[in-house]
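1. okay, here's the prediction I keep looking at, along with the sequence it came from:
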Amino acid sequence: MTAERRKPQVRIAASLLAADFSQLGRDVKSLNDGGCDEVHFDVMDGHFVPNITFGAPVLEWIRPLTSLPIDVHMMVQEPGRFVEDFARCGADYFTVHAEACAHLHATVQSIKAAGMKAGVALNPATPASVLDEILPDIDRVLVMTVNPGRGGQQFIKGQLAKIASLAERLPWRATGADLVVDGGVKTDTAPGCVEAGASVLVSGTGIFNHPDGVIAGIAALREAIDPSGA
């Protein structure tokens, strides 16, 4: 599969981690108006990563504000404990870290049983090979291109090889599964991610900290990955 054939499929997801929490409703509306494709909802517990963000009650509050798919990215220990809560509050995807799950296959089964699509995230130091036995069972892989836990970090270029390795597993990609890149995704790094095979780009500060606003941030990313506008 060539990069040219992948480009029209690339979607942009905005990470609410970089939003103005005092104006969350406004920022979610801006994502709708700006033609964003997904909302990325980062959950941190202060254990798996140092910081603490938000949980299911916040998702329940923002769910009526958008019809966009919402991917709950669980940067927490034992994420399987929270599957039912986030399913009830309207998550479309539930992405867990391979490093945080003692029984990853069982967690993936519980996610699907709750009516959500299952994603598995990999930290920068985790090789793609840890997914060899479960890749056919999941709906998306999320490759962290920064170390998880805080926004605004510098993109780790060495992760492009991992993205490309996963993208080349054609039987898996042929099912429509997503290859997500999260961390340091901005106009200068996004094209390389697409070239490597990413189908979803998660951007936080690249969208919410754009000098001309959220809608302009989304448009700038689209221009960077497909200047022709195709």
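-> Cool, the structure landed.

2. check the gap between the closest residue to P57 other than its chain neighbours and V72 for me.
-> Spatial nearest neighbour of P57, excluding adjacent residues (Cβ to Cβ, 6 or more residues apart in numbering): C89 at 7.6 Å. The C-beta positions use only the backbone N, C-alpha and C, and glycine is treated the same way. Note on C89: its distance to V72, by Cβ to Cβ, to the nearest Å, is 9 Å.

3. neighbour count winner among those two?
-> Using other Cβ atoms under 10 Å, the more surrounded residue of C89 and V72 is V72, with 29 against 19.

4. what packs against the lengthiest helix in the chain?
-> The residue-count maximum for a helix in the chain (DSSP state H) belongs to helix 214-225. Judged by 3 or more Cβ pairs under 8 Å, 6 or more residues apart in numbering; DSSP states H and E, the packing partners of helix 214-225 are strand 11-15, helix 24-33, helix 190-196, strand 200-203, helix 205-208.

5. contact partners for E168?
-> Applying Cβ atoms under 8 Å, 6 or more residues apart in numbering, we find E168 in contact with G197.

6. please apply the same query to L142.
-> L142 neighbours (Cβ under 8 Å, 6+ apart): 73, 95, 119-122, 180-182, 202.

7. just checking, what packs against whichever strand or helix holds T107?
-> Using DSSP states H and E, the element containing T107 is helix 104-113. Counting contacts by 3+ Cβ pairs under 8 Å, 6+ apart, helix 104-113 packs against helix 83-88, strand 93-97, strand 117-122.

8. tell me which residues of the longest helix of the chain come out buried.
-> For helix 214-225, burial by neighbour count (16 or more other Cβ atoms under 10 Å) applies to 214-215, 217-222, 224-225.

9. list just the nearest of those to G35.
-> I218 (6.2 Å; Cβ to Cβ).

10. now the nearest residue to that closest one once chain neighbours are set aside: how far from T66?
-> Of all residues beyond its chain neighbours, the one nearest I218 is G34 (4.2 Å), with distances taken as Cβ to Cβ, 6+ apart. Distance of G34 to T66, computed by Cβ to Cβ: 12 Å.

11. identify the residues contacting C36.
-> The contact partners of C36, by Cβ under 8 Å, 6+ apart, come to 12-14, 68, 207, 218.

12. name the nearest of those relative to Q154.
-> Distances from Q154 to these, taken by Cβ to Cβ, are shortest for I207, at 17.1 Å.

13. my guess is the closest one contacts A18, does it?
-> Yes. I207 is in contact with A18 according to Cβ atoms under 8 Å; the separation is 7.0 Å.

14. in this structure, where is pLDDT below threshold?
-> Residues of the chain meeting the criterion pLDDT under 70: 1-8, 170-174, 229-230.

15. recalculate using a threshold of 90.
-> Applying pLDDT under 90 to the chain flags residues 1-9, 136, 148-153, 168-176, 226-230.

16. what helix or strand is P211 located in?
-> Taking DSSP H and E as the definition, P211 sits outside all helices and strands.

17. tell me how far stretch 35-52 is from the chain's mean position?
-> Chain-centre distance of stretch 35-52: 9 Å, with Cα atoms, centre = their mean, to the nearest Å.
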